[in-house]
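**Student:** Fold the stuff below for me.
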Amino acid sequence: MGVNKLKVDFFGEGVCIKKGAFNDELLNRMKLTALKLNQPVEDAIIDPYFYYLLKDAKVKSIEDIGQTIVKGLINTHKNRIEIWYKGKKVQKLTMNDLNNQYLLFPLFQTKTKNIELQNNLGLYAKCIEIGLVARYEIMVDNFSFDSLVFYTFKYDGEVILSTVSYDNKYLKLKKKDTLITYQNGYSII
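**Tutor:** Residues are numbered from 1 along each chain as shown. Just a heads-up that it's a prediction; the model follows:
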């Protein structure tokens, strides 16, 4: 275990896509509750009053509907990544700096994975948020940019920065401070 703190902050626009994980009984209760609101279930899951009417101890908000499929920083002009070591900012960059196709030699290591949801049937909730999307931290002995790896997803034509690792250890998510600017519920049948 190291003695110096390495911190990586993701600022800008973020996305979070959750897939609902419900049993048949809960899904039927959700459909009946959505009917009381005169809304389809896809629209009702982003309505806070829906969860009050549902009266389920396990599902109190949109945060409780299931597993997170995609979460991270969207590649827009608003994004910024800051790397801090020993309480000092050592690097400030954007996601374009991580894109190795425009560079003669790569500045940072990146690993990319494609995500397809077309064949994955279910009920989904998508949130777009702005602010401090993620703050990752780890204690290290020495810092080297060569040991830092950024993980990205390609989803729906967008590049999303999801997490970061150092010396093959994922940094722990310590803080998130965002404001939701857009929410949408949809289903893939």
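**Student:** Now do Leu6: how many residues are near it, please.
**Tutor:** Leu6 has 22 neighbours, counted by other CB atoms under 10 Å. Using the backbone N, CA and C atoms, a C-beta is placed for each residue, glycine as well.
**Student:** Show me what it is bridged to.
**Tutor:** Leu6 forms beta bridges with Tyr85, Ile138, as assigned by DSSP bridges.
**Student:** How about the contacts made by it?
**Tutor:** For Leu6, the contact set (CB atoms under 8 Å, 6 or more residues apart in numbering) comprises 83-85, 137-140, 143, 166, 171.
**Student:** what domains does the record give for the chain?
**Tutor:** Domain segmentation of the chain under automatic domain parsing yields 4-21+65-188, 23-63.
**Student:** Flag every buried residue along stretch 63-73.
**Tutor:** 65-66, 69-73 (16 or more other CB atoms under 10 Å).
**Student:** Keep only those of those that are in strands.
**Tutor:** 66, 69-73 (DSSP state E).
**Student:** ok so, going back, just put the domains of the chain in CSV and tack on mean pLDDT.
**Tutor:** CSV is the format used below for the domains of the chain (pLDDT from 0 to 100):
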stretch, mean pLDDT
domain 4-21+65-188, 89
domain 23-63, 89
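**Student:** Counting neighbours, what do you get for Leu53?
**Tutor:** Neighbours around Leu53, by other CB under 10 Å: 15.
**Student:** Validate this expectation: it resides in a helix.
**Tutor:** Yes: the assignment for Leu53 by DSSP: H, G, I helix; E, B strand; the rest coil puts it in a helix.
**Student:** Which parts of the protein are helices?
**Tutor:** 24-36, 41-44, 48-54 (DSSP state H).
**Student:** Run through who's touching the first one.
**Tutor:** By that I understand helix 24-36. Here helix 24-36 has contacts from 22, 40-41, 43-45, 50, 53-54, 56, 59, using CB under 8 Å, 6+ apart.
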